[in-house]
Every structure is written in structure tokens, then in C-alpha cells.
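*Asks:* Could you work out the structure for the sequence below:
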Amino acid sequence: MISLGLPWALLLLPLPVAVYLGLPAYRQSPAAVRVPDLQRLADLSGQTPSAGAMVSPRSRWQWIILCAVWVALVLALARPQWLEPPVVREQSMRDLLLAVDLSSSMEAEDFADSQGRVVDRLTAVKQVLDDFLSRRQGDRIGLIVFGSAVFAQAPFTEDLDVLRSLLDELQVRMAGPKTALGDAIGLAMTLFEGSEVDQKVLIILTDGNDTGSLVPPARAAEIARDNGIVIHTVAVGDPATAGEEQLDTGSLTAVAEVTGGRFFFAADRDQLEQIYSELDALNPRQVETLSFRPQRDLFQWPLGLAMGLSFLFAAVTVLRTVFTHRPPPAGAN
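*Replies:* The predicted structure is shown next:
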């Protein structure tokens, strides 16, 4: 489909006609020979001399070329464009961040995989998260991992295949043996600073209590709430565990409630799958549909036509002048 970027330029089409009708002809004073008996000659011929101008006549083909050049120039100025078929793109209206605990307690083998084999907690978590991500196509999701230290494993991206590959590469203790839950929330806030969407959701999956954060989880959660971040916490493992690996459900519940989120507990894989199904329902995919039509400028075609016709006009005029005023060959009568 062809459209004009500046359709008002077509109003210039009648401009040469207005100039021709509204302005006087160009006057030039060439050298002339004075005739002393001009009045006598006029009387004999019966004509009366008067002031006037001589307009050089143009042939029909010259008028046609000049009109075509002007029309082509005006069309080029109007910016003709070819509109491509519409392109529709869906843009996520929510950023979702996953925080996965990689502390040493995640290697405890008290979960069963989909085949019934006993696996460690991290393996079960990765399997369930992989299925969760497969249902979130089109969302922008990021991934951070935490242990003694906190790392951003993947920034917010819509390429969930890459995210699932990075998730599969996670190993226990790769971020240290402890659990820096508060620092994980702090890093999440840093990643969300570059987010332009209104809905910001953080899902934390851990099986221990905070043992190495610079900022307490409760304080970090209050700051996250002030920044519009909703935190859901998922606890996995045995709540009867003691020591540094003790599951602090009270702290995880407080972190979730202070931000308007929910706390979940999973003692086995079935409960973990049910939790992520609930999270999927709590945070349905929300997208904004953006549509635009690519445009290709075509002004070069009428502009090239105008230039070509101009060169043709000039060449024919020069050749016509040369052959018209060429002196006769020597010896011709």
C-alpha cells in the first residue's frame, strides 16, 4: 500500500499555472537598430507601433516534459511511502524475578523427581521451575542466585530458553554455603531499578534461615515494599532441621506479608508443583499489544524521474540549437 508522508505538498501542483497567469513575462532589452523612417513605414503598412514583448514559443513536447518534471518533483516532496503489512508485538507488563537458594542445605536428598527417584532439593526445584518457565512464554523473567554471596545469573529477558539453560547449570554451593536472604532482596531491588513496568514480582525459593546478610531480610522487605515490589516466598525442606540450616518460616512469612505477597511451604515435589501452579494463577501473563507498520520511502523514484527528464530536456534543446544554427557547408548556394 502506498501513502504520502506529506500530502499537503500536492497543493504546490498548480503553482506554475498561478505564476504564469499572475506574473508578467520576462523582459529583456536587446540591442536594436533605429529606423529613422519607422513612422512612414507604419503608415504605408497601415499598422500602429506599440510597446510589447516577444515571447519565445515552446513546442508541445517541451511543455509536456516541463510539466512532467514539475509533477515528479512535487511527488518526491510529498514523500511517497510503501506501507508493509502490520507487525504485531506483545510486550510484557510485568517483570518477574526468581531468587534461588544455592546454600549447602539444598543438597539434602529428601525430594522425589517425576520418575519417583530420590533427588536433592535443588534438582527438584530446577525441574519444577523449568516447567514453570515453560508456561511463561512472553514474560520478562530474571534469575538471581544466593548463598554466602549473591549473583545476578540472568537479567530480565524474554528468551526463556536461555534462562532455562542457565537454571539447569546451577549447582549447590556455587554461591557459597551460607544463606544471604536479605542481600538477595537487595540485589533484586537493584535489578528492578531499570524496570519500566508497574508490576514487579520477586519469588524467593530457600530452605534455610538468613545467616550472612548485611541487611536483615525484614528491613530489606520494607524497602522493597516502598519500591513497589511484591515478594512471594517458597520454603522447601524439613522444618524440624536445627542449626544454621533451620528453616525460618516466621521470617519468610513476614517478608512476604510486608510486601503484599504470600508464603508457601513445600515438603515434597507434589507440594512444590502445586505452589508454582498457584503462583502462576496469582501472576497471570499480562501483555500490552503493540502494532506498527514498517515504511519504505519511495521519493527517490519520482526524484530520479525528474532528474532524468531534465537531462533529456537540456540535451534535446542543445542539439536542436546546434543543428538549427549550424552554418551551411562550404560551396552551398
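
*Asks:* What strand or helix carries Leu97?
*Replies:* strand 94-101 (DSSP states H and E).

*Asks:* any idea of the mean pLDDT for the very next helix or strand once past that strand?
*Replies:* For strand 94-101, the following helix or strand on the C-terminal side (DSSP H and E) is strand 111-112. Taken as a whole, strand 111-112 has an average pLDDT of 72.

*Asks:* Strand 111-112 pairs with which strands?
*Replies:* Neighbouring strands of strand 111-112 in its sheet, by DSSP bridges, are strand 118-119 (antiparallel).

*Asks:* can you list contacts of the strand it pairs with?
*Replies:* The contact list for strand 118-119, computed with Cβ atoms under 8 Å, 6 or more residues apart in numbering, reads Glu109, Asp110, Phe111, Ala112, Asp113. C-beta: built from backbone N, CA, C; applies to glycine.

*Asks:* Bridged to the third one, which residues?
*Replies:* When you say that, I think you mean Phe111. Applying DSSP bridges, one finds that Phe111 bridges with Val119.

*Asks:* Compute the number of surrounding residues for it.
*Replies:* Counted by other Cβ atoms under 10 Å, the residues lying close to Phe111 total 25.

*Asks:* For stretch 71-83, which outside residues touch it?
*Replies:* Contacts for stretch 71-83 (Cβ under 8 Å, 6+ apart): 1-7, 9-10, 12-13, 293-303, 305-306, 309.

*Asks:* Is there a quick ChimeraX command that grabs whichever of those are buried?
*Replies:* Buried members of the contacts of stretch 71-83, defined by 16 or more other Cβ atoms under 10 Å, are picked up in ChimeraX with:
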select :4,9,298,299,302,305,306,309
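
*Asks:* Filter the contacts of stretch 71-83 down to just the ones in helices.
*Replies:* Those of the contacts of stretch 71-83 mapping onto helices are Gln300, Trp301, Pro302, Leu303, Leu305, Ala306, Leu309, per DSSP state H.

*Asks:* Quick check, Ser310 in contact with Val69.
*Replies:* Yes. Contact criterion Cβ atoms under 8 Å: Ser310 and Val69 qualify, at 5.6 Å.

*Asks:* Give me the buried positions along stretch 130-139.
*Replies:* For stretch 130-139, using 16+ other Cβ under 10 Å, the buried residues are Phe132, Leu133, Arg136, Asp139.

*Asks:* Could you list the low-pLDDT ranges of the stretch 151-300 of the chain?
*Replies:* Scanning the stretch 151-300 of the chain for pLDDT under 70 picks out 208, 238-246, 268, 279-280, 282-292.

*Asks:* all strands in the stretch 1-150 of the chain, in order from the N-terminus.
*Replies:* For the stretch 1-150 of the chain, applying DSSP state E, counting those that start in this stretch gives strands covering 2-4, 80-83, 87-92, 94-101, 111-112, 118-119, 140-146, 150-157.

*Asks:* closest one to Ile231 among those strands?
*Replies:* Smallest distance to Ile231 across those (Cβ to Cβ): 9.0 Å, for strand 94-101.

*Asks:* between the contacts of strand 118-119, which is nearest Ser195?
*Replies:* Taking the contacts of strand 118-119 together and measuring to Ser195 by Cβ to Cβ, the closest member is Phe111, at 32.5 Å.
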